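> need a structure here:
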Amino acid sequence: MEEYWFCPEDYMKLQHYTHRYSTNSYFNIKKEKIDISLQNAAAVRKINLDSIERGKILAEEYFTSFYNESELECIGTSCPICSKVYVSPKNITTNKLGDLHLTNYTYNWIFRYPVIEINPQENQNNYYLFFF
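Below you'll find the model as predicted:
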């Protein structure tokens with residue numbers, strides 16, 4: 001799900017999208033009504049009409065992986081360079097979902113367990129990831 005926070009064209013980190021008519025770009029996608037939820041978000045200008053297709057792909061991927069979930073919290077995001085508007089998942093962390101990796105054209109969930117090692121000599125924290 002991390003790839004939905006980066007622009008597919010120039011790989012920049014996406015920022016919250018604000019429109020002069022809609023300063024809050026948060027919305028929910030319901031499992032039963034993916035199309036309607038995205039069209040409603042576009043109607044109140046939380047996303048653009050062009051970003052509905054990417055939102056459908058995100059919702060289908062999420063609901064296929066987590067069939068018990070009934071709602072996906074999303075946010076309208078935009079690229080600071082090309083100014084295109086996208087749909088990104090809100091508050092999806094590795095604690096809840098893990099990381100999505102593309103292997104052999106199929107999506108697999110890999111759960112990462114970060115371990116912090118504090119190095120007082122260099123005044124920095126080192127993070128190690130163990131894959132299970």
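
> residue 59 belongs to a strand?
No - using DSSP: H, G, I helix; E, B strand; the rest coil, the secondary structure at residue 59 is helix, not a strand.

> that one: what's it in contact with?
29, 31, 34, 37, 38, 72 (CB atoms under 8 Å, 6 or more residues apart in numbering). For the C-beta atoms, the positions are set from N, CA and C on the backbone; glycine is no exception.

> of those, which pair is most distant in space?
31 and 38 (12.6 Å; CB to CB).

> this structure - how does it break down into domains?
For the chain, the structural domains run 1-92, 93-132, going by automatic domain parsing.

> what's the least confident stretch among the ones you listed?
Ranked by mean pLDDT, the domains of the chain bottom out at domain 93-132, with a mean of 46.

> before we move on, back to that, output the contacts of residue 59 as CSV; include the columns distance to residue 57, secondary structure and neighbour count.
Shown next, in CSV, are the contacts of residue 59 (distance: CB to CB, whole Å; DSSP: H, G, I helix; E, B strand; the rest coil; neighbours: other CB atoms under 10 Å):
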residue, distance to residue 57, secondary structure, neighbour count
29, 12, strand, 24
31, 15, coil, 17
34, 10, helix, 19
37, 14, helix, 22
38, 11, helix, 25
72, 12, strand, 23
